[in-house]
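Trainee: build me a structure from this.
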Amino acid sequence: MKQEIRSALLDGYNIPIRDALWGHIYLTPSLAGLVNSSPFMRLNRIMQLGPAYLVYPGATHTRASHSIGVYHLARRLLLHLTEQGADAWLSQQGVMSFLCAALLHDLGHFPYTHSLKELPLEEHEALTGKLILVDPLKDLVAKTGGDPDFTAAIVDTSLPEGKNDLKELSFYRKLLSGSMDPDKLDYLCRDARYCGVPYGVQDVDFILSRLHPHSERGVDIDSRGVTAIESLLFSKYLMYKAVYWHRAVRSATAMVKKALFKGLETKRIAGTDLYNLDDQGLFALAAAECDNSGHSMAVFPLIDLVKEGRLFLTAVEIPFDEKIHHKLLLLPERSRVEEELAQEFSALFGKKLKENAVIIDLPETISFESGLYISDENCPFSDGSSIMKNGLVDAFVKSLRIIRVFVDSCYEAEIKLCREGILNITQKRLQL
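Mentor: All right, here's what the predicted structure looks like:
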């Protein structure tokens, strides 16, 4: 290992943080400065899994603890890869920039997990990049020995390469957001720990030992590690099914998204109002705003309901078929169909439904990143000895993407009495 790379990864890491998952995680004083900065402190006030605590009460861990875990695994990964020759194309400044990028990768993340996905907002990676390029973080990153421009470009891949070493930049980007990245290894293990479920636990030590550096692909895996990667991919599927996309979590997510979409659509809020918020800031925004007269008024009752744990109920579930339901991918079209369903449900229930009493939920596209390369089999992961062929992975995705129609819980009795009618109306209306 080059001496300067060894120094960047091993010298001066004398400030410990005690992590519930990984034990002691060590920082240099300059990296600790990033953790203690105001932008990073916001992550302590954002729960990693948003409304999942309504189903799994232990799921109150934060974006900050996850980010520190990602940094820890990124450092371990880079140590392993440099011992196998990756130091041939790495620089000391690049190594520190990568560690900063791993630590700060979620800095621009929105509150309440993925409730803000699909809204007309900047990507959180772009917001992260902007935060890194201004003080205090710009100065703090430089003090670690990293380059702020390089660090921002690792996280936000839309940024121009500039004067950066393209080979080294591409390598770090693939490490941080690739098929086998420290982000995934941390969140699966951490989320499983705090939710109290066994599905996400990974043999991280073994996985790291089977990874090999590749200057263009980032990392390859050898055939001995295939079963560990199979376990990881199946674990991701189970975590989505049991935790991330649990119907109650989806209900809460859809309620928050609906409220914010209507707020943006009616211009009662601007997209910039949602940047740099924490969870409590989002609830505060929802609870009260001032009208033109300066009087406090509730503006987002759906978010208030989520805060109180009064979630909409699942009225019907239908497998997503892109050929039939593709228009529902657009929030304005989804909103239009919700209004039509509300009218028909009103007739079915024999009473007029309240405004915004019906919400359609459609999970976003999910990737299982099975594009690893098996070095000693000289082929992509899905073409090698693994059972995880493309057809099986596609089946995972298909089984997870379910359209759900949620209805205000105050109509629970009507939902129970009219299940068949609700299903027939929804199936007919969704034949778009």
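Trainee: flag the shaky bits of the protein, pLDDT-wise.
Mentor: 1, 163-164, 288-299, 369-370, 432 (pLDDT under 70).
Trainee: switch the cut-off to 50
Mentor: Within the chain, the ranges that satisfy pLDDT under 50 run 290-297.
Trainee: quick check: Asp135 vs Leu103, distance?
Mentor: 17 Å (C-beta to C-beta, to the nearest Å). Backbone N, C-alpha and C define where each C-beta goes, glycine included.
Trainee: before we move on, what about Asp383?
Mentor: Distance of Asp383 to Leu103, computed by C-beta to C-beta: 35 Å.
Trainee: which one of the two is surrounded by more residues?
Mentor: Leu103 (25 against 13; other C-beta atoms under 10 Å).
Trainee: next secondary structure after the helix or strand containing the more buried one?
Mentor: Counting by DSSP states H and E, the element that carries Leu103 is helix 92-104. Using DSSP H and E, the next helix or strand after helix 92-104 towards the C-terminus is helix 124-132.
Trainee: helices or strands next to that next one in the packing?
Mentor: Applying 3 or more C-beta pairs under 8 Å, 6 or more residues apart in numbering; DSSP states H and E, one finds that helix 124-132 contacts helix 92-104, helix 137-144, helix 148-155.
Trainee: please repeat the previous calculation with a cut-off of 10 Å.
Mentor: helix 38-41, helix 92-104, helix 137-144, helix 148-155 (3 or more C-beta pairs under 10 Å, 6 or more residues apart in numbering; DSSP states H and E).
Trainee: for those, which one sits closest to Gly23?
Mentor: Closest to Gly23 of those is helix 92-104 (C-beta to C-beta; 17.6 Å).
Trainee: tell me the angle the closest one makes with helix 137-144.
Mentor: Angle, helix 92-104 to helix 137-144, by axes from the mean of the first three to the mean of the last three C-alpha atoms, to 10 degrees: 130 degrees.
Trainee: quick one: helix 92-104 to chain centroid distance?
Mentor: 21 Å (C-alpha atoms, centre = their mean, to the nearest Å).
Trainee: got it, and stretch 410-419?
Mentor: Using C-alpha atoms, centre = their mean, the offset of stretch 410-419 from its chain centre is 33 Å.
Trainee: how many other residues sit next to the residue lying closest to Asp183 once chain neighbours are set aside?
Mentor: Leaving aside its sequence neighbours, Asp183 sits nearest to Val70 (C-beta to C-beta, 6 or more residues apart in numbering; 5.2 Å). Residues lying near Val70 (other C-beta under 10 Å) number 25.
Trainee: got a list of what the closest residue to Leu116 other than its chain neighbours touches?
Mentor: When the adjacent residues along the chain are set aside, Leu116 lies closest to Phe110, with 4.2 Å between them (C-beta to C-beta, 6+ apart). Residues near Phe110 by C-beta atoms under 10 Å, 6 or more residues apart in numbering: 46, 50, 116-117, 119, 121-122, 124, 127, 260, 274-279, 282.
Trainee: ok, now Leu311?
Mentor: Leu311 touches 51, 54-55, 247-252, 254-255, 305, 406, 408-409, counting by C-beta under 10 Å, 6+ apart.
Trainee: torsion angles phi and psi at it?
Mentor: phi -90, psi 150 (degrees, to the nearest 10).
Trainee: and the closest residue to it other than its chain neighbours, how far is that from Ser346?
Mentor: Spatial nearest neighbour of Leu311, excluding adjacent residues (C-beta to C-beta, 6+ apart): Ser251 at 4.4 Å. Distance from Ser251 to Ser346, counting by C-beta to C-beta: 21 Å.
Trainee: closest to Leu392 out of the helices and strands packed on helix 124-132?
Mentor: helix 92-104 (30.6 Å).
Trainee: then that closest one to CSV, C-alphas only?
Mentor: Output in CSV follows, covering the C-alpha atoms of helix 92-104 (Å, rounded to 0.1, in the frame of the first residue of the first chain):
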residue,chain,number,x,y,z
GLN,A,92,-4.4,10.9,-0.5
GLN,A,93,-6.7,13.8,-1.2
GLY,A,94,-9.1,11.5,-3.0
VAL,A,95,-9.2,9.1,-0.1
MET,A,96,-10.1,11.8,2.3
SER,A,97,-12.7,13.2,-0.1
PHE,A,98,-14.3,9.8,-0.4
LEU,A,99,-14.5,9.4,3.4
CYS,A,100,-16.1,12.9,3.7
ALA,A,101,-18.5,11.9,0.9
ALA,A,102,-19.5,8.8,2.8
LEU,A,103,-20.0,10.7,6.0
LEU,A,104,-22.0,13.5,4.3
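Trainee: just want the angle from it to helix 148-155.
Mentor: Using the same axes, to 10 degrees: helix 92-104 against helix 148-155 is 50 degrees.
Trainee: list the buried residues in helix 92-104.
Mentor: By neighbour count on 16 or more other C-beta atoms under 10 Å, the buried set for helix 92-104 is 92-104.
Trainee: wait, which of the residues you listed is closest to Asp181?
Mentor: Ala102 (9.3 Å).
Trainee: the closest residue to the closest one other than its chain neighbours and Phe206: what is the separation?
Mentor: For Ala102, ignoring the flanking residues on the chain, the nearest one in space by C-beta to C-beta, 6+ apart is Ala74 at 3.6 Å. Ala74 sits 18 Å away from Phe206, going by C-beta to C-beta.
Trainee: more neighbours, the two?
Mentor: Neighbours per residue, other C-beta under 10 Å: of Ala74 and Phe206, the larger number sits with Ala74, 25 against 13.
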